[in-house]
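K.L.:
just a sequence and a predicted model for now, questions to come.
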Amino acid sequence: MPLLTEIQSAQIVALLEAGLIQSAVAIRMGINRSTVSRVFSRYQETDSSARPTRVARQVGNEALSGRRISTQTIRRRLHKRGLRSQFVLECPC
């Protein structure tokens, strides 16, 4: 299943805050209940329904302030730790 759009995530949060239970929201949106739970948990933690994303350069700047390191090295190190880059594909479905 493709990633949810920011609008869909916002709709999930709005429906839950309107009083619907997670299983009802899942049925209404045509997604798994675990997806609804994950979106709402992220909303409660960050106060935003948007997915947090960062580029390799941002990670390197935060981790190694004052030192220069190539983005390729950052990507390799993140990859070693199981963090992989992702991008959203939009299809005209």
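P.N.:
That came through fine.
K.L.:
where is the longest helix in the chain?
P.N.:
helix 33-46 (DSSP state H).
K.L.:
tell me the helices and strands packed up against the helix or strand of the chain with the lowest mean pLDDT.
P.N.:
One helix or strand of the chain scores below all others by mean pLDDT, DSSP states H and E: helix 56-63, with a mean of 71. Judged by 3 or more C-beta pairs under 8 Å, 6 or more residues apart in numbering; DSSP states H and E, helix 56-63 is in contact with helix 71-80. For the C-beta atoms, the positions are set from N, CA and C on the backbone; glycine is no exception.
K.L.:
how near is the closest residue to Gly60 other than its chain neighbours to Gly82?
P.N.:
Closest residue to Gly60 in three dimensions, ignoring its sequence neighbours and counting by C-beta to C-beta, 6 or more residues apart in numbering: Ile74, at 4.3 Å. Going from Ile74 to Gly82 by C-beta to C-beta, to the nearest Å gives 15 Å.
K.L.:
comparing the two, which shows the higher neighbour count?
P.N.:
The neighbour comparison of Ile74 against Gly82 (other C-beta atoms under 10 Å) goes to Ile74, with 19 against 6.
K.L.:
so the more buried one touches Arg57, yeah?
P.N.:
Yes - taking C-beta atoms under 8 Å as the definition, Ile74 is a contact partner of Arg57 at 7.3 Å.
K.L.:
any weak-confidence spans in the chain?
P.N.:
For the chain, the stretches with pLDDT under 70 are 1-2, 49-54, 56, 85-93.
K.L.:
if we go to 90?
P.N.:
Low-confidence segments of the chain (pLDDT under 90): 1-7, 9-10, 41-93.
K.L.:
mind checking how far Ile69 is from Val55?
P.N.:
From Ile69 to Val55 the distance is 14 Å (C-beta to C-beta).
K.L.:
what do you get for Arg84?
P.N.:
14 Å.
K.L.:
counting neighbours, go ahead and name the busier of these two.
P.N.:
Val55 (12 against 8).
K.L.:
give me the neighbour count for Leu3.
P.N.:
14.
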